[in-house]
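Engineer: Predicted coordinates and the sequence they were generated for:
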Amino acid sequence: MTESLAGTSAVDTTPAPTAPEETGAPRARRRLPGTPLAFAALVLLFSVLRPETFLGAGNLRNMVEQVAILAVVAAVQTVVMAVGDFDLSVGALASFAGVVAARLMLDGLPAGVAVLAAIAAGALAGAVSGVLVAYLRLSAFIATLAVLTSLSGASLLLTDGATLFGLPPGFVAPGRERIAGVPVLVIVCAVTVAAVGFLLAQTSAGSRWFAVGGNAEAAWYAGIDVRLVRMSAFVIAGTGAGIAGVLLTSRLASAHPTAGDGLMLTSIAAVFLGMTASPTGRVTVAGTLLGVAILGVLDNGLNLLEVNTYVQQLLTGVIIVCAVALSRRGERSR
Amino acid sequence: MAAEHATPALRVTGLHHRYGTEPVLTDMHLSVAAGEIHALLGANGAGKSTLIKAISGVLRPERGIIEVDGRPCRFRSARDARAAGVQTVQQDLGLVGGLNAVDNLFLGRPMPRRGTLPGLRGSPARGLLLDRRAARHTARAWLASVGPEVPLDRPVAQLSPVQQTCVALARAMSAHARVLILDEPTAALTDQETTVLFGLLRRLRAGGTAIVYVTHRLHEVFELADRITVLRDRRAVATVAPAETDADELVRLMANAGTPRPTAALARPAAGPVVLNVDGLSGNRVRDVSITLRAGEVVGIAGIAGSGRSELLRLVAGAQRPRSGTVRRDGRPVRPGSTRTALAAGIALVPEDRLRQAVLPDADVTDNLVLASLAQLSSGGIRRRARERAAYRSLAEQLDIRASSPRQPAWQLSGGNQQKLILGRVLHRDPAVLLLDEPTRGVDVRTKHAIRELVARVAATAGVIVVTSELDELIALADRLLVLREGRLVAELDAATADERSILRHCYGGTPA
């Protein structure tokens, strides 16, 4: 396993030195396959440095579990970025949805109702961002930052700043149980991500998202309701972040008012990394998953190497910038 | 007034330029004396803007000589031209709306400074702080040289149009303008403001500045200019004094005489049923326009730039919201301000600016083609790729769209192929009313012909309204012509008998008062 992976990586890396010249050719718009290369290089690096543990079944499963929830948030972030915006509130929204679910269950509601209410709250918060951006023409930065701030406040209010424990066993089970060795949580995440991928790639709604992101004015002239399309992307993001928040609470068997906050930056980073994997720079859920994989491998591998967590964070930032910058070199300047 | 024997402040001789293989300036000549207001007139595409670009250093002409005060100049950039004393005030004035007049006047040049650090006295590093008071003082002096009071502290976006024009003029004049080029400076001004501006320009003229004044308004030319140069077909065809000419002669000079009328007007059923009624439509730049369009006819809309042609089409297509008036399709009112509703009612627009308003550059040609028909080509919201491919194949063949594959990104296509792609996009909806805004702009000659034939074919069953700046094309395509001037319909002409001169006379408003 290690052998063959190392082999492919070596083949992958050989064309790299010639690539910059290629991209310098007139009208050439090919990008360096920075992201796949980075992924291969990381896998190679860690499997050489930690041959025993890194590619072991246990560690692989561990990695998948760690990134599954991020994958959901990154997938819906992909939708927002397809329409040319971004959503800073997804992390706070995930925290909030988790808190809402926990609060309702502790107040005695059945788990199913609490979960649906939490996801609906996520969709509603996304709709608020969507209305602010699409209809009231606020910049996505301001609007989603405001929603982020309010949601953080709401989460703290609902929890008094503490962690909510004592959730019903039926709710906590998916975070623990496995079907055929695969954690139920991972299956739920995979289904959600696949659904988002299908929406984006195979439906007319997906075409409209890309059209608005590619040229909103042209989309408008082609009879597309640009505002509605833009707003719907935020609703999807809110819904997905809500689902992620519920899953996170289930996995941790507790709800903390800031549990999901870190998902915001990493989800945006994953989409950016994924964007660089496509020859046209178009965002895709598949690309985003690759971005998620890179971040997951990086996190896991540095942990195995026992790198100081502060240094880990620093390295993650540097690596994201390098990958994105490298792939931008071939971009057509407009 | 203009001293003919003296060295002209600006002289242009034998200017040639091409965009690709398309000539845009052919042996252009122009001579402007110091202390002269020299008007440039010409129909759309006559070469006015290209000439201005060459004089102001934005474009490097292939051949020809530009002299300022007798010194030959070879401008490599707009900066070079400004340094040589050629100042240009563009139609949009080039001001930064959020900055006040003082900051705008000092944009791109050093502001006065004050203050030093101990020990740096007398060194070049002195002047750490901006001296705003001195800057205001200087700005006020510059503005005073131009004319009326302009508030210095408000963002220029909040100033009146004429005050903004003053700031732009002051900026140009403060850079020691020998030659001042003004591109349609009155487009945004009221009559009263225009009078104020003319007063300013006369003062600058008295100060010895050579002014090149580009306009579409004939009465302004007679009111203001000392001499007039008329451009046609990318060359200067005449330079005359206003006293020696009249509006009719100017229009005659601008028009191509006796265009051979291409009898390509295909045989069509003379008049089908009425498909579109526009009643009293008013909106941005459009005032009280009514049109009745029948299936099987092509209506051409003529008008100079800024007459409201594109705006009219956008109002009808729901891309802009009208102030008043209605659009009816087959007698039923169409909800205004929605492209989706208009398209569903069978009104389709091919917009003017292909790259900005139509093409999805990064999407492939199939995605571009199906953009207006996503609902029709999908089932239950799920895209049916086979149907999309079939739609692409059939339209690509019909319209001769040349893409390497259905997956080729649209930005790689030539302008002509992109235009056909956009035509295909709306034709796939089978519109009963097709609105075309400059359908052949920036496309090659072959495609031009193909598009014209296509329009004739579509008009066999649909009603078509065409806006184009090319008068010969307008005459060739249309059955009847409507002339827009300052947002109003001022004339209806039979395309069979119209010629460029008669159209232009209506466009420009004929004999001035």
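Structural biologist: Ah, there it is.

Engineer: Report the contact partners of residue A:102.
Structural biologist: When contacts are counted by Cβ atoms under 8 Å, 6 or more residues apart in numbering or on different chains, residue A:102 touches A:114, A:164, A:167, A:249, A:254-255. Where you see a C-beta, it was placed from the backbone N, CA and C, and this is true even at glycine.

Engineer: do residue B:319 as well
Structural biologist: Residue B:319 touches A:220-221, B:339, B:342, B:349, B:351, counting by Cβ under 8 Å, 6+ apart.

Engineer: Give me the nearest residue to residue B:63, chain neighbours excluded.
Structural biologist: residue B:16 (4.2 Å; Cβ to Cβ, 6 or more residues apart in numbering or on different chains).

Engineer: So which of the contacts of residue A:102 is the closest to chain B?
Structural biologist: Of all those, chain B sits closest to residue A:114, with 29.8 Å by Cβ to the nearest Cβ.

Engineer: can you count the residues close to the closest residue to that closest one other than its chain neighbours?
Structural biologist: Spatial nearest neighbour of residue A:114, chain neighbours left out: residue A:104 (3.8 Å); criterion: Cβ to Cβ, 6+ apart. For residue A:104, the neighbour count with other Cβ atoms under 10 Å in any protein chain shown is 20.

Engineer: In a strand, residue A:104, correct?
Structural biologist: No: according to DSSP: H, G, I helix; E, B strand; the rest coil, residue A:104 belongs to no strand; its state is helix.

Engineer: in stretch B:230-238, what's buried?
Structural biologist: Applying a neighbour-count criterion of 16 or more other Cβ atoms under 10 Å in any protein chain shown, one finds B:230-232, B:234-236, B:238 buried in stretch B:230-238.

Engineer: Out of those residues, list just those in helices.
Structural biologist: Secondary structure defined by DSSP state H assigns none of the buried residues of stretch B:230-238 to helices.

Engineer: Now for those: which two are most distant?
Structural biologist: Pairwise distances across the buried residues of stretch B:230-238 (Cβ to Cβ) peak at 14.5 Å, for the pair B:234 and B:238.

Engineer: which residue sits closest to residue A:296, ignoring its sequence neighbours?
Structural biologist: residue A:67 (3.7 Å).

Engineer: Past the worst-scoring helix or strand of chain A on mean pLDDT, which element shows up next along the chain?
Structural biologist: Every helix and strand of chain A was ranked by mean pLDDT, DSSP states H and E. The lowest is helix A:19-24, at a mean of 32. Sequence-wise, the next helix or strand downstream of helix A:19-24 (DSSP states H and E) is helix A:34-49.

Engineer: and residue 135, what pLDDT?
Structural biologist: Because you didn't say which chain, this covers chain A. Looking at residue A:135, its pLDDT is 97.

Engineer: wait, chain B
Structural biologist: Confidence for residue B:135, expressed as pLDDT, is 88.

Engineer: go on, residue B:216?
Structural biologist: 81.

Engineer: quick one, what contacts residue B:13?
Structural biologist: So residue B:13 contacts B:29, B:64-65, B:67 (Cβ under 8 Å, 6+ apart).

Engineer: same check, this time on residue B:154
Structural biologist: By Cβ under 8 Å, 6+ apart, the neighbours of residue B:154 are B:100-101.

Engineer: Residue 148 sits in which helix or strand?
Structural biologist: Going with chain A. helix A:140-159.

Engineer: that answer is for a different chain, and I need it for chain B
Structural biologist: Per DSSP H and E: nothing holds residue B:148, as it lies in no helix or strand.

Engineer: what about it, distance to residue B:203?
Structural biologist: 11 Å (Cβ to Cβ, to the nearest Å).

Engineer: Residue B:277 too?
Structural biologist: 51 Å.

Engineer: Same check on residue B:46?
Structural biologist: Applying Cβ to Cβ to residue B:46 and residue B:203 gives a distance of 30 Å.

Engineer: Those two: which has the busier surroundings?
Structural biologist: Taking neighbours as other Cβ under 10 Å, residue B:46 and residue B:203 compare with residue B:46 leading, 21 against 13.

Engineer: pretty sure that one is in contact with residue B:216, am I right?
Structural biologist: No: checked against Cβ atoms under 8 Å, the pair residue B:46 and residue B:216 is beyond contact range at 11.0 Å.

Engineer: Get me the contact residues on chain A for chain B.
Structural biologist: Within chain A, the residues that sit near chain B (Cβ under 8 Å from any Cβ of the partner chain) are A:27, A:202-208, A:210-211, A:214-215, A:217-225, A:280-282, A:332.

Engineer: Looking at the stretch 101-250 of chain B, which residue is nearest chain A?
Structural biologist: Taking Cβ to the nearest Cβ, the stretch 101-250 of chain B has residue B:157 as its residue nearest chain A, at 17.5 Å.

Engineer: show me what contacts that residue?
Structural biologist: Per Cβ under 8 Å, 6+ apart, neighbours of residue B:157: B:97-98.

Engineer: if we go to 10 Å?
Structural biologist: B:95-100, B:164 (Cβ atoms under 10 Å, 6 or more residues apart in numbering or on different chains).

Engineer: again, but for residue B:365
Structural biologist: Counting by Cβ under 10 Å, 6+ apart, residue B:365 has contacts B:392, B:395-396, B:401-410, B:412-413, B:417-418, B:421, B:424.

Engineer: filter these to the buried ones?
Structural biologist: If we count by 16+ other Cβ under 10 Å, these have these buried: B:392, B:395-396, B:401, B:403, B:406, B:408-410, B:413, B:417-418, B:421, B:424.

Engineer: Look at residue B:433 and report its pLDDT.
Structural biologist: 97.

Engineer: what are the phi and psi angles of it?
Structural biologist: phi -130, psi 120 (degrees, to the nearest 10).

Engineer: my read: it touches residue B:464, true?
Structural biologist: Yes: if you go by Cβ atoms under 10 Å, residue B:433 and residue B:464 touch, sitting 7.7 Å apart.

Engineer: Tell me the residues that contact both of those two, please.
Structural biologist: With Cβ under 10 Å, 6+ apart, residue B:433 and residue B:464 have common neighbours B:293, B:295.

Engineer: related to what we said a few turns ago, and the helix holding residue A:148, what's buried?
Structural biologist: Here helix A:140-159 shows A:140, A:143-148, A:151-152, A:154-156, A:158-159 as buried, counting by 16+ other Cβ under 10 Å.

Engineer: would you turn those into JSON lines with pLDDT?
Structural biologist: JSON lines is the format used below for those (pLDDT from 0 to 100):
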{"residue": "A:140", "pLDDT": "95"}
{"residue": "A:143", "pLDDT": "97"}
{"residue": "A:144", "pLDDT": "97"}
{"residue": "A:145", "pLDDT": "97"}
{"residue": "A:146", "pLDDT": "97"}
{"residue": "A:147", "pLDDT": "97"}
{"residue": "A:148", "pLDDT": "97"}
{"residue": "A:151", "pLDDT": "97"}
{"residue": "A:152", "pLDDT": "97"}
{"residue": "A:154", "pLDDT": "97"}
{"residue": "A:155", "pLDDT": "97"}
{"residue": "A:156", "pLDDT": "96"}
{"residue": "A:158", "pLDDT": "95"}
{"residue": "A:159", "pLDDT": "95"}
